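*Asks:* Okay, here's the prediction I keep looking at, along with the sequence it came from:
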Amino acid sequence: MRTIPSSELIINDDGSIFHLHLHPEQLADTVILVGDPGRVALVASFFERQECNVSNREFNTVTGYYKGKRMTVLSTGIGIGNIDISVTELDALANIDFTTRQVKPQLRQLTLVRLGTSGAIQPDIKVGEAVFSRMSVGFDGLLNYYKGRNEVCNLEYEQAFMKHTGWSDLLPKPYFAVADPTLFELFKDSTREGITIAAPGFYAPQGRWVRLEPADPQLNAKIESFEHEGHRITNFEMEGSALAGLASLMGHRAATICTIIAQRIALDACTDYKPFVKRMIGMALDKLATL
């Protein structure tokens with residue numbers, strides 16, 4: 001059995017994982033992921049009691065109990081790179097023996113649900129709605145670095161999308177990572193089903209033009225007009241594809257739900273979106289407490 005070198009899995013002197021600073025016993029099987037470190041306190045305010053509160057860099061973590069179910073809430077910060085760190089270290093906490101540095105003989109399955117904010121790119125999706133990302137489209141290329149990516153992606157959608165958009169060879173090949181089907185069933189009566197793009201940036205990768213012009217100013221229009229098997233691209237965010245893809249490769253259940261806070265077609269945005277986010281959090285916690 002492979003022993004993982006210390007350079008590949010860094011464990012701090014106190015026995016915690018390198019970036020998250022968590023110990024294995026501090027991690028619950030159900031994990032809420034949020035981008036904003038400040039949102040951890042909002043989610044944790046729903047808990048009846050808390051057992052640990054850990055912070056390092058942008059990674060804030062609280063583990064506690066909601067309706068008797070043990071849950072962890074973790075902030076990842078913004079971007080795909082931080083999801084690569086967070087999901088890998090969460091899996092290590094669950095499935096690596098830190099003493100032997102070997103994979104445990106019995107693997108533990110985590111349920112990972114990202115609760116984020118997003119911008120809609122279809123005119124019928126309204127600010128305040130919650131969108132469940134049935135598929136997440138990675139514009140970042142992260143999953144292409146991992147063996148087995150084809151087994152957890154919808155290759156038919158990938159080919160149709162690249163053909164429709166005339167995808168540039170200068171860009172990373174997009175991947176369509178699929179959310180866990182049991183989580184879709186759990187949330188389908190409280191969310192809108194969607195296909196969500198996870199962009200590697202907030203500005204040009206999402207079609208925004210401030211001073212630097214996007215390489216393809218028509219890319220958003222092509223994205224909006226894409227349709228395959230009756231499904232459309234619904235919204236933009238920045239993390240969901242890596243979460244869905246990595247979790248699938250590792251055998252965990254994962255999904256992304258985002259509150260819509262901007263309407264890209266109407267060129268409108270809502271900066272006072274906390275009530276919408278709070279409603280999404282309450283709904284998600286109630287659902288996850290039943291698992």
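*Replies:* Perfect, thanks for sending it.

*Asks:* Quick check: residue 128 vs residue 262, distance?
*Replies:* Residue 128 is 11 Å from residue 262, where distance means C-beta to C-beta, to the nearest Å. (Glycine included, C-beta is placed from N, CA and C.)

*Asks:* quick one, which of the two is more surrounded?
*Replies:* Taking other C-beta atoms under 10 Å, residue 128 and residue 262 do not tie; residue 262 has more neighbours (19 against 15).

*Asks:* I figured that one hits residue 120, correct?
*Replies:* Yes: counting by C-beta atoms under 8 Å, residue 262 does reach residue 120; the two are 7.0 Å apart.

*Asks:* got any residues that touch both of these two?
*Replies:* Common contact partners of residue 262 and residue 120 (C-beta atoms under 8 Å, 6 or more residues apart in numbering): residue 127.

*Asks:* and residue 222, how many neighbours?
*Replies:* By other C-beta under 10 Å, neighbour count at residue 222 equals 15.

*Asks:* Extract the C-alpha set from the helix or strand encompassing it and format it as CSV.
*Replies:* For residue 222, the host element (DSSP states H and E) is helix 219-225. The C-alpha trace of helix 219-225 is given here as CSV (Å, rounded to 0.1, in the frame of the first residue of the first chain):
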residue,chain,number,x,y,z
LEU,A,219,-19.1,34.2,-25.9
ASN,A,220,-21.9,35.0,-23.4
ALA,A,221,-24.4,35.3,-26.2
LYS,A,222,-23.3,31.9,-27.4
ILE,A,223,-23.6,30.5,-23.9
GLU,A,224,-27.1,31.9,-23.5
SER,A,225,-28.3,30.4,-26.8
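
*Asks:* Next, the residue nearest in space to the middle of the chain: phi, psi?
*Replies:* Centroid-nearest residue in the chain: residue 240, 3.3 Å away (criterion: C-alpha atoms, centre = their mean). Main-chain torsions, residue 240, degrees, to the nearest 10: phi -60, psi -30.

*Asks:* ok, now how distant is it from residue 223?
*Replies:* Residue 240 is 15 Å from residue 223, by C-beta to C-beta.

*Asks:* any chance you could map the strands in the stretch 101-250 of the chain?
*Replies:* Along the stretch 101-250 of the chain, the stretches classed as strands by DSSP state E, counting those that start in this stretch are 102-103, 111-120, 130-138, 175-178, 192-198, 227-228, 231-237.

*Asks:* and the angle from the third one to strand 111-120?
*Replies:* Put plainly, it is strand 130-138. 90 degrees (axes from the mean of the first three to the mean of the last three C-alpha atoms, to 10 degrees).

*Asks:* Cool, thanks, talk later.
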